[in-house]
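Q: Predicted model and sequence below, questions to follow.
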Amino acid sequence: MILKASLPALLFALGTGAAQANKVFVTNEKGNTVTVLDSESWEVTAEFEAGNRPRGITISPDGKLLYVAASDDDTVRVFDTESYEELYTLPSGPDPEQFALHPTGNPLYIANEDDNLVTVTDTESRTIKAEIPVGVEPEGMGINPEATFMVNTSETTNMAHFIDTSDYKIKHNILVDQRPRYAQFTADGKTLYVSSEIGGTVSVIDMTGPEPVTRTKIGFEVSGVLPEWLQPVGVKVTSDGKWVFVALGPANRVAVIDAQSDEVVDYILVGQRVWQMAFTPDEKYLVTTNGNSNDVTVIDVHKQKAIRSVQVGQQPWGVVVQPDMAQ
């Protein structure tokens, strides 16, 4: 196993009296590794092997287990977040890409791009509970705060599928724009944002009625950037529901949206081919993965400005930040 750690980071971790920073985990799609950063110093503290073509990544509610979709291995690899040792694997179906973890930590809902299924995997028994047929090329996975619905986006079908978590039946289908990539609920569950990479829009879906309804679609325009480069992928919403951040792929920008007006108020210049994003637990920072510049950008959420870039592995794809741990 490749395992690299910096001395300053180790000394920081051993410091007395100071609260430890959160670990930031980044999957490197072509490097076949996960890079670990310290969210206070923003130094790279470790890098470890993560299987072939690691993409989707999430973490258990207690912060102890790291789940990585090793797409070319057709499995989900599970790592200890302290030792970085691989503990076991979970069955996932072929070509797992993105997934959503139930708020309790079990089960894991996995999009299988190659066979048009969502796989439901029990994280404790390590068995498949269900396989749900969805549209063509399933990609994005989201789950509402009450965990009553999971949402899958199917790239070629151009739909968001709303799946009841109690019986694994599709209850609603919403047509969105071309090649939907990501599904993100607000913290109160009242709104769902679905990004459409080729369509160049984010669909804003109202979840307050008996059925989900598209309220509006948000487009993007940046001076000097070709319209076809404005490709929405990752989406993150602040917990107060005021701000929405959208990664715009090869446009090398993160759009800032006022959630009250559904208007784009700014574009933040980041690294090349910005893909996925994650907040630190206090939402002070937003970390973006930039696949073509092999780095991450750290955005100050309050100032809505990029403050730092950090080199990671080859073609960073996904990112997750360890939650605050109980003392």
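A: Sure thing, it's come through. Numbers count the residues shown, from 1 in each chain.

Q: Near residue 221, how many other residues are there?
A: Applying other C-beta atoms under 10 Å, we find 11 residues neighbouring residue 221. C-beta coordinates here come from the backbone N, C-alpha and C atoms, glycine included.

Q: Likewise for residue 27?
A: Residue 27 has 31 neighbouring residues, counting by other C-beta under 10 Å.

Q: got it, and residue 32?
A: For residue 32, the count of nearby residues is 19 (other C-beta under 10 Å).

Q: from what I can see it touches residue 54, true?
A: Yes. The pair formed by residue 32 and residue 54 meets the contact definition of C-beta atoms under 8 Å, at 6.5 Å.

Q: Provide a list of residues in contact with residue 320.
A: 24, 25, 57, 58, 59, 66, 278 (C-beta atoms under 8 Å, 6 or more residues apart in numbering).

Q: how far away is the fourth one from residue 268?
A: With distances taken as C-beta to C-beta, to the nearest Å, residue 58 is found 24 Å from residue 268.

Q: Any chance of the backbone angles for residue 229?
A: phi -90, psi -10 (degrees, to the nearest 10).

Q: Tell me how many other residues crowd it.
A: 16.

Q: Could you measure from it over to residue 256?
A: Distance, residue 229 to residue 256, using C-beta to C-beta: 18 Å.

Q: Which stretches in the stretch 101-250 of the chain count as strands?
A: For the stretch 101-250 of the chain, the strands defined by DSSP state E, counting those that start in this stretch occupy 108-112, 117-122, 127-133, 138-143, 149-154, 159-164, 170-175, 180-185, 191-196, 201-206, 213-218, 235-237, 243-247.

Q: and residue 79, which of those strands is closest to it?
A: Across the strands of the stretch 101-250 of the chain, residue 79 has its closest neighbour in strand 108-112 (14.2 Å, C-beta to C-beta).

Q: what about residue 48, distance to residue 99?
A: Note on residue 48: its distance to residue 99, by C-beta to C-beta, is 20 Å.

Q: which of the two has more neighbours?
A: Using other C-beta under 10 Å as the criterion, residue 48 and residue 99 rank with residue 99 on top: 28 against 20.

Q: bridging residues for the more buried one?
A: In this entry, residue 99 is beta-bridged to residue 110, by DSSP bridges.

Q: Also residue 130?
A: Going by DSSP bridges, residue 130 forms beta bridges with residue 120.

Q: ok now do it, which residues does it touch?
A: 119, 120, 168.

Q: I'd guessed the first one sits against residue 134; true?
A: To tie it back to what came earlier, the one meant is residue 119. No. Taking C-beta under 8 Å as the definition, residue 119 is not a contact partner of residue 134, at 10.6 Å.

Q: Looking at those two, which is more packed in?
A: Applying other C-beta under 10 Å to residue 119 and residue 134 shows that residue 119 carries more neighbours, namely 25 against 21.

Q: Just the contacts of residue 320: which are in helices?
A: Within the contacts of residue 320, no residue falls in helices by DSSP state H.

Q: re earlier: any chance of the strands of the stretch 101-250 of the chain in TSV, with mean pLDDT and distance to residue 71 too?
A: Shown next, in TSV, are those (pLDDT from 0 to 100; distance: least, C-beta to C-beta, whole Å):
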stretch	mean pLDDT	distance to residue 71
strand 108-112	97	10
strand 117-122	97	13
strand 127-133	97	17
strand 138-143	96	12
strand 149-154	97	16
strand 159-164	98	21
strand 170-175	98	24
strand 180-185	98	15
strand 191-196	98	20
strand 201-206	98	25
strand 213-218	98	29
strand 235-237	98	21
strand 243-247	98	19
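
Q: out of these, which comes closest to residue 294?
A: Between residue 294 and the strands of the stretch 101-250 of the chain, the tightest spacing by C-beta to C-beta is seen for strand 243-247, at 16.0 Å.

Q: Only alpha carbons, please: show the closest one as CSV.
A: Output of strand 243-247 as CSV, limited to C-alpha atoms (Å, rounded to 0.1, in the frame of the first residue of the first chain):
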residue,chain,number,x,y,z
TRP,A,243,-26.7,29.9,-1.3
VAL,A,244,-26.2,27.3,-4.0
PHE,A,245,-22.8,26.5,-5.5
VAL,A,246,-22.5,24.8,-8.9
ALA,A,247,-19.3,23.4,-10.4
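
Q: buried residues in that strand?
A: Buried residues in strand 243-247, counting neighbours by 16 or more other C-beta atoms under 10 Å, are found at 243, 244, 245, 246, 247.

Q: Can you give me the distance of the last one to residue 313?
A: Taking C-beta to C-beta as the measure, residue 247 falls 18 Å from residue 313.

Q: what does the first one give?
A: Distance, residue 243 to residue 313, by C-beta to C-beta: 29 Å.

Q: Equivalent analysis for residue 285, please.
A: 20 Å.

Q: ditto for residue 64
A: From residue 64 over to residue 313 the distance is 23 Å, taken as C-beta to C-beta.
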